[in-house]
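K.L.:
This is a predicted model, with the sequence first.
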2 protein chains.
Amino acid sequence: MPIFGAPWRGEQLSLLAKQLHSRQSSECFQQLLEDAKGELQDICQKEGLDQEDIFERTRNLNLLEQDFRRQKSLDPNLVSRIALAKAEGYNLWQLAKSKNDFQLFSPALCNLISLRQEQASQLPESGSCWETLAQPFEPDITISRLEELFAPLRKALPELLDEVRTSQKISTLNWDLDEPSQKFLCDELLKQWGRDEKITTVARSPHPFSITLGPQDFRLTTRFVPGQPFSALLATAHEWGHSLYEQGLPSQTHQWFAWPLGQATSMGVHESQSLFWENRIARSKAFSDRFWPYFAKAGAPVESGIDLWRAMNPLMPGLNRVEADELTYGMHILVRTDLEIALLEKGLEVNALPEEWNKSYRNLLGVAPRNDVEGCLQDVHWSEGQFGYFPSYLLGHLISAQISEAMNSSLKNSCFQEDDAISAAISSGQESIMLAWLRKEVHHYGRKVNGEELVEKVTGVPLSSSAFLDYLREKVGILIDAS
Amino acid sequence: MPIFGAPWRGEQLSLLAKQLHSRQSSECFQQLLEDAKGELQDICQKEGLDQEDIFERTRNLNLLEQDFRRQKSLDPNLVSRIALAKAEGYNLWQLAKSKNDFQLFSPALCNLISLRQEQASQLPESGSCWETLAQPFEPDITISRLEELFAPLRKALPELLDEVRTSQKISTLNWDLDEPSQKFLCDELLKQWGRDEKITTVARSPHPFSITLGPQDFRLTTRFVPGQPFSALLATAHEWGHSLYEQGLPSQTHQWFAWPLGQATSMGVHESQSLFWENRIARSKAFSDRFWPYFAKAGAPVESGIDLWRAMNPLMPGLNRVEADELTYGMHILVRTDLEIALLEKGLEVNALPEEWNKSYRNLLGVAPRNDVEGCLQDVHWSEGQFGYFPSYLLGHLISAQISEAMNSSLKNSCFQEDDAISAAISSGQESIMLAWLRKEVHHYGRKVNGEELVEKVTGVPLSSSAFLDYLREKVGILIDAS
């Protein structure tokens, strides 16, 4: 879109938001829900009940009703004002970023915060403002539960980073790959991982994403970044993981695609699936051992799996979330989570945001942004009034690690002799076995259970940070020894 | 879109068509039209009328009412059946093309023809079936008027082609340019032609197009075809011409964008604007004389304007419409126009289409397709049930030539000394003078006047093929002499 196209787009988005809200809170929709409930009661009174079917229908209706109640409680004017403010915020954020001038964006951010606070107060939720706004991404999350999950990370991640720093074995990458070579690697990756071209397309975009546009229509994108030869490959692996989750969601009929039950249960679970394929597989030693010849063929100066593995796992504190490695990624999230809760609930002034951001980075990661483009202007989320999403990224790391442990136990007892069954699957190019396990144990639930219930169902224990920290400690140890 | 995404897309398109039709034929819309007519009557009864304003409002309302009447007369079920048939037709056409098997597509084409015949019979129009379906592209066109305009071409084009053939000076291109070089030329072209990046973006797509998504949001695409070093540049020039027309449409307020008066008056006029920039300018001798050093810089083996000009004007009969030159292009259109009128009105059987197509090509162009992919499966239009569009391409050639003559006379008397004022403008890089003229004389009318009225207003005489034939004869003559 050319930049002068923005105001008209804003008007359109605002109109669409208003129309969508009007439909989703209409009497007609309410009547359809009532009718469906009546129908369900009739079914329940018949003999020979299929309990699973009853449960699914009930859950589906409850989720639809929950959304209806939320929509109904919102003032239509607020809905269209938020849509307009999002479009304006996004445009001003782009401008502020291009000119490195936070002041150009701060009034729009103030406006978005106050509109979203108003929205939270209108919604019939028991949680705090931030908790209410986080519901669409993490249903049932609370700040205290989040703090419980993240507290061990606040302590352990800086310690692990210190270990890496002390080992003084940080190496910087001194080679690159051109776009055709990177594309060759991406194509090879998805070929080996069983991509079906009839239902998935791959394209390029400024920011990688995965999207599902129909029951049999899965699309993903990647991007090529000069100086970062792994960026496209890892983004492809990440988006492929998102897409596999959506490909595995329940779809008894093709209409399920549009129903609550046919959707992802939380963004944390969604991220766990993308991170599994990106980090647990593509950044693993076993994968490097198997895949390095393709890098060599593409012209990369690697002569062994260990060369490639070390290059793909730098473990260096940086300023940028998207480019962060597994060790430092979580710290970026801790900064943002604290700041957005402070902005929404603790009266942190928008004008004080840049300074608070920089202070947090110095304290936690020991690095300081030179300007706001490297600092608090880097992410898009707040510019569109999206608050409450960031923790999902870190929850995804925790969930991925905990599910991986369960998967490993399960595959060790069934398909592989080795203790490290996941590595064995990767080494032998049998990722399809892991995918089959994920489909059977994780994907097919959709929204039948929420994120934390799902994790407990699959792993037998409540979600915690321990599997992730165990995994990280082991990986960091081997990387230090190997360097 | 992955191919398995097609059925869901079909359902969505069908639903959207139904909803749009329901809105455009609703009582609510009718009431809005009645209110607007009342408001207009009130205005007319006041003193100090602005005649131009009254005319514009009246015309705008009449066009809205005309569309309302058309929509109102259509059976909603037919509307959604057509939308579904279009989506199916397009998918089956793609399949048939990929397998070179017309039989895979022919049942869908039969279905589309009968649905469109049904639609024409429901519409309250006085014209024949084909004429009725052509209205959205060429308001007020009739088959007899078309025949009057095209008859001289049926005679003259084959004669001109014979002259070229007899001269035996056809040369084939033996060089190519890589994508970055072609992109450099496209960027340079639009830079010189004054593209404003704030309101226009340029991208790539499988088929070049131009689209306007908002009052200040103009987008165009081009494509790069191996073995055809001019394809991207000429497509860019062509789409730029379409976009310039839309950029010049009336827009007193930004809401005009969505109103009849703010829209193009006919596809013939639209094509005349794209063809002016593609053929009259980019394929001209004057342009080659000025632009060849950029080709040389891009690595093309040209050492003079005449080298480039001859390469850009092959004048060879081929099988493909999109790749045809100025001389043979019209003949492709004559074939399609005859055939679609025969399919809709004269009982030509769909199964007989391939043979009829091939016969027409042999007779008119002296070449024969080796298969249906080269033949009747080449164009997308019929696969989406679009009948009546093809003549607009050729009308565009006629209109462009006639308007160019008027422009030349006008600029000769005002801005330039030379008899060939257009060439003088091109030689001196003053395309902006021609654009200013087009904006003032052609673009700003929108749908205030229809296509033929516009041509007569601008040129002083009714539309005919003579300016186009004069232009072609002169160009062919010089090209033969120069080779």
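P.N.:
Sure, I can see it.
K.L.:
can you give me the strands in the stretch 151-300 of chain A?
P.N.:
A:200-204, A:210-214, A:217-222 (DSSP state E, counting those that start in this stretch).
K.L.:
Out of the ones you listed, which is the most enclosed?
P.N.:
strand A:217-222 (a mean of 22; mean count of other Cβ atoms under 10 Å in any protein chain shown). All C-beta atoms are positioned from the backbone trio N, CA, C, and that covers glycine.
K.L.:
where does A:Val461 land in three-state SS?
P.N.:
Recorded secondary structure, A:Val461: coil (DSSP: H, G, I helix; E, B strand; the rest coil).
K.L.:
any idea how far the helix or strand hosting A:Leu32 is from the chain center?
P.N.:
A:Leu32 belongs to helix A:27-45 when assigned by DSSP states H and E. The chain centroid and the centroid of helix A:27-45 are separated by 35 Å under Cα atoms, centre = their mean, to the nearest Å.
K.L.:
Buried residues in the following helix or strand past that helix, which are they?
P.N.:
Using DSSP H and E, the helix or strand that directly follows helix A:27-45 along the chain is helix A:51-73. Within helix A:51-73, the residues that count as buried by 16 or more other Cβ atoms under 10 Å in any protein chain shown are A:Glu56, A:Arg57, A:Arg59, A:Asn60, A:Leu61, A:Leu63, A:Leu64, A:Asp67, A:Phe68, A:Arg70, A:Gln71.
K.L.:
Please convert those to JSON lines, extending it with distance to A:Thr459 and pLDDT.
P.N.:
As requested, the buried residues of helix A:51-73 are exported to JSON lines (distance: Cβ to Cβ, whole Å; pLDDT from 0 to 100):
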{"residue": "A:Glu56", "distance to A:Thr459": "23", "pLDDT": "92"}
{"residue": "A:Arg57", "distance to A:Thr459": "28", "pLDDT": "92"}
{"residue": "A:Arg59", "distance to A:Thr459": "22", "pLDDT": "95"}
{"residue": "A:Asn60", "distance to A:Thr459": "26", "pLDDT": "95"}
{"residue": "A:Leu61", "distance to A:Thr459": "29", "pLDDT": "96"}
{"residue": "A:Leu63", "distance to A:Thr459": "24", "pLDDT": "96"}
{"residue": "A:Leu64", "distance to A:Thr459": "29", "pLDDT": "96"}
{"residue": "A:Asp67", "distance to A:Thr459": "29", "pLDDT": "95"}
{"residue": "A:Phe68", "distance to A:Thr459": "33", "pLDDT": "97"}
{"residue": "A:Arg70", "distance to A:Thr459": "31", "pLDDT": "96"}
{"residue": "A:Gln71", "distance to A:Thr459": "34", "pLDDT": "96"}
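K.L.:
Convert the helix holding A:Leu32 to CSV, retaining C-alpha atoms only.
P.N.:
C-alpha atoms of helix A:27-45 as CSV (Å, rounded to 0.1, in the frame of the first residue of the first chain):
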residue,chain,number,x,y,z
GLU,A,27,-30.6,-10.4,18.0
CYS,A,28,-30.5,-12.6,15.0
PHE,A,29,-27.3,-14.2,16.2
GLN,A,30,-28.7,-14.5,19.7
GLN,A,31,-31.7,-16.3,18.3
LEU,A,32,-29.5,-18.7,16.4
LEU,A,33,-27.7,-19.5,19.6
GLU,A,34,-30.9,-20.0,21.5
ASP,A,35,-32.2,-22.4,18.7
ALA,A,36,-29.0,-24.3,18.8
LYS,A,37,-29.2,-24.7,22.6
GLY,A,38,-32.8,-26.0,22.2
GLU,A,39,-31.7,-28.4,19.6
LEU,A,40,-28.9,-29.6,21.9
GLN,A,41,-31.4,-30.2,24.7
ASP,A,42,-33.5,-32.3,22.4
ILE,A,43,-30.5,-34.4,21.5
CYS,A,44,-29.6,-34.8,25.2
GLN,A,45,-33.1,-36.2,26.0
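K.L.:
That one vs helix A:51-73, what angle?
P.N.:
Helix A:27-45 runs at 160 degrees relative to helix A:51-73, counting by axes from the mean of the first three to the mean of the last three Cα atoms, to 10 degrees.
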